[in-house]
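Asker: Quick one, fold the following:
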Amino acid sequence: MNNRNKNDEYIVIVGCGRLGSHLARLLSKARKSVVVIDKNEGAFHRLGDDFSGFTIEADAIEIDSLLQAKINKADVVVTTTNDDNTNILIAQIAKIIYKVPKVIARLFEPSRQQVYEELGIETLCPTILSAIELKNIIVGDKMEV
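Answerer: This is a model prediction of the structure:
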């Protein structure tokens with residue numbers, strides 16, 4: 001069990017696109033220790049000047065890249081690339097090999113969500129979230145989230 005203070009959470013974000021960079025900025029503002037991994041160095045411009053975390057230009061599928069990001073010390077790993085297979089592969093490595101306590105994978109394909117959650121990996125599917133919100137707007141029901 002991790003006994004560290006909640007303010008000391010160490011978070012690894014894989015993917016510095018729109019979602020990953022926005023999440024990294026929010027967590028940085030919340031004074032979390034954040035490292036962002038992306039294959040494309042140009043993606044890091046999205047983080048802005050006030051981002052207080054670290055960046056690593058590397059392919060997160062490679063174990064050496066994950067070790068450079070100190071995944072073995074991470075409290076949370078979030079995979080936000082634009083590829084479901086990459087996200088789930090890295091999430092499984094984090095959960096199974098490095099025993100990261102909280103692992104969250106973004107998935108685009110709704111049919112994959114249940115399988116990964118059965119593996120103990122939390123998922124976030126923009127397709128499902130958007131469909132629920134659109135349904136609520138159309139039907140006028142704000143109760144279901």
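
Asker: what about His45, neighbour count?
Answerer: Other residues lying near His45 total 10 when counted by other Cβ atoms under 10 Å. All C-beta spots, glycine's among them, are computed from the backbone N, C-alpha and C.

Asker: Quick check: Val12 touching Gln68?
Answerer: No. Using Cβ atoms under 8 Å, Val12 is not in contact with Gln68; the gap is 10.4 Å.

Asker: Neighbour count for the two, which is higher?
Answerer: Higher neighbour count among Val12 and Gln68: Val12, with 29 against 15, using other Cβ under 10 Å.

Asker: Relative to the strand or helix carrying that one, what are the paired strands and their orientations?
Answerer: For Val12, the element it lies in under DSSP states H and E is strand 10-14. The pairing partners recorded for strand 10-14 under DSSP bridges are strand 33-38 (parallel), strand 76-79 (parallel).

Asker: Using a markdown table, lay out those strands together with distance to Glu122.
Answerer: Formatted as a markdown table, the strands paired with strand 10-14 follow (distance: least, Cβ to Cβ, whole Å):
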| stretch | distance to Glu122 |
| --- | --- |
| strand 33-38 | 18 |
| strand 76-79 | 9 |
